[in-house]
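**Q** sequence and predicted structure, then a few things I'm wondering about:
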There are 2 protein chains.
Amino acid sequence: MARSPTTSDAFNAVAEPRRRQILDLLALGERPVNDMVASLGMGQPQASKHLRVLREVGLVTVRGVGQQRLYTLNAERLKAIYDWVRAFEPFWDHQLDRIKVRAERLAGEQAAKPDQYDKGD
Amino acid sequence: MARSPTTSDAFNAVAEPRRRQILDLLALGERPVNDMVASLGMGQPQASKHLRVLREVGLVTVRGVGQQRLYTLNAERLKAIYDWVRAFEPFWDHQLDRIKVRAERLAGEQAAKPDQYDKGD
DNA sequence: TTGAAATATTCCCATTAGGGTATATTATCT
DNA sequence: AGATAATATACCCTAATGGGAATATTTCAA
């Protein structure tokens, strides 16, 4: 049985780091293929392949301008990932709270024991 | 050349839908393997395999309690995904702003042309 | 029409993995 | 020690893919 296809959903499309890099670049604005080839140090066929995946999963759109194919990010399609992962956000705040409590406790202990620093001199 | 290993990073680990389901379940609290098997309708060896991936990428931790292995979510490791995808949030707000502007413009035009409604009578 | 530029696609190869089946391992109880 | 329960792992099979190299396709200019 095969892995989920890269074009099955946004999760699988962005699993590949090079494709994340492409999306990062497109976040800066519409670009032609060879721009991505140069910016990312990627082979041209490779770039085209990755772009095809991104196109098929709806994460980018393309329009022809003369010889160039200009690709545009469709960030809406990333919301599925955002919506899924944000559900776990409560856990991060909770842990951050714990760190704060710990830091305050430590600060309190050090305020209560200034002598330790005097001994260190 | 193979795809990035599922254990290379969180992105690749959660690309597989079943593993996302496992994480969803663990978000509700620590669980033994057979609980996940029953809740998700997954085979036991399959569950173990997926859990191994999640463990190796640090998304879950495990402790033995008698015969059971209890798995716990480590949501911190999902922040990498969150941090990456949130960078695209401005695009979503931007499009939402556009919808608002459009709605307000439409509302303004209708307020400026009440006669059309009178003619309609 | 030809040549150049930009890009997409094909072919090849080796690697990875997910389900299924079977088995091994670990923990507990009698 | 043997049996049971829970779980991990091995083996098998098939499918998908990402880079590389080569080629095909599209667009434009001379």
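**A** Received the coordinates, thanks.
**Q** so who does A:H50 touch?
**A** A:H50 makes contact with A:E16, A:R18, A:R19, A:I22, A:M42, according to C-beta atoms under 8 Å, 6 or more residues apart in numbering or on different chains. C-beta here means a position set from N, CA and C on the backbone, and glycine is covered the same way.
**Q** domain assignment for chain A?
**A** Per automatic domain parsing, the structural domains of chain A span A:10-78, A:88-120.
**Q** mean pLDDT lowest where, among the ones you listed?
**A** Lowest mean pLDDT within the domains of chain A: domain A:88-120, at a mean of 59.
**Q** the host helix or strand of A:R18 near DNA strand D at all?
**A** If you go by DSSP states H and E, A:R18 is part of helix A:17-26. Yes - Helix A:17-26 reaches DNA strand D (C-beta under 7 Å from any atom of the strand) through A:R18.
**Q** quick one: strands adjacent to the helix or strand just after that helix?
**A** Next along the chain after helix A:17-26, taking DSSP H and E as the criterion, comes strand A:31-32. Here strand A:31-32 has these sheet partners by DSSP bridges: strand A:68-73 (antiparallel).
**Q** okay, now the closest residue to A:I81 other than its chain neighbours: neighbour count?
**A** Leaving aside its chain neighbours, A:I81 sits nearest to B:V85 (4.9 Å; criterion: C-beta to C-beta, 6 or more residues apart in numbering or on different chains). B:V85 has 24 neighbours, counted by other C-beta atoms under 10 Å in any protein chain shown.
**Q** dump the residue contacts of B:V85.
**A** Contacts of B:V85 (C-beta under 8 Å, 6+ apart): A:L78, A:I81, A:Y82, A:V85.
**Q** now it: how far from A:A27?
**A** Separation of B:V85 from A:A27 (C-beta to C-beta, to the nearest Å) stands at 11 Å.
**Q** make a ChimeraX selection of whichever of the contacts of A:H50 turn out to be buried.
**A** Remark: buried members of the contacts of A:H50, expressed as a ChimeraX selection using 16 or more other C-beta atoms under 10 Å in any protein chain shown:
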select /A:16,19,22,42
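**Q** of the contacts of A:H50, list those near DNA strand C.
**A** Okay, of the contacts of A:H50, nothing touches DNA strand C (C-beta under 7 Å from any atom of the strand).
**Q** who in chain A is up against DNA strand D?
**A** Residues of chain A lying near DNA strand D (C-beta under 7 Å from any atom of the strand): A:1-3, A:5-7, A:16, A:18, A:42-43, A:45-46, A:49-50, A:53, A:64, A:66-67.
**Q** swap the cut-off to 10 Å and go again
**A** Contact residues (C-beta under 10 Å from any atom of the strand) of chain A with DNA strand D: A:1-8, A:12-13, A:15-19, A:21, A:40-50, A:52-54, A:56-57, A:64-69.
**Q** which of these are buried? Put it as a ChimeraX command.
**A** Applying 16+ other C-beta under 10 Å to these leaves a buried subset, and the ChimeraX line that selects it is:
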select /A:6,7,12,13,15,16,19,21,40,42,47,50,53,54,57,69
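**Q** from the residues of chain A next to DNA strand D, which land in helices?
**A** A:12-13, A:15, A:17-19, A:21, A:40, A:44-50, A:52-54, A:56 (DSSP state H).
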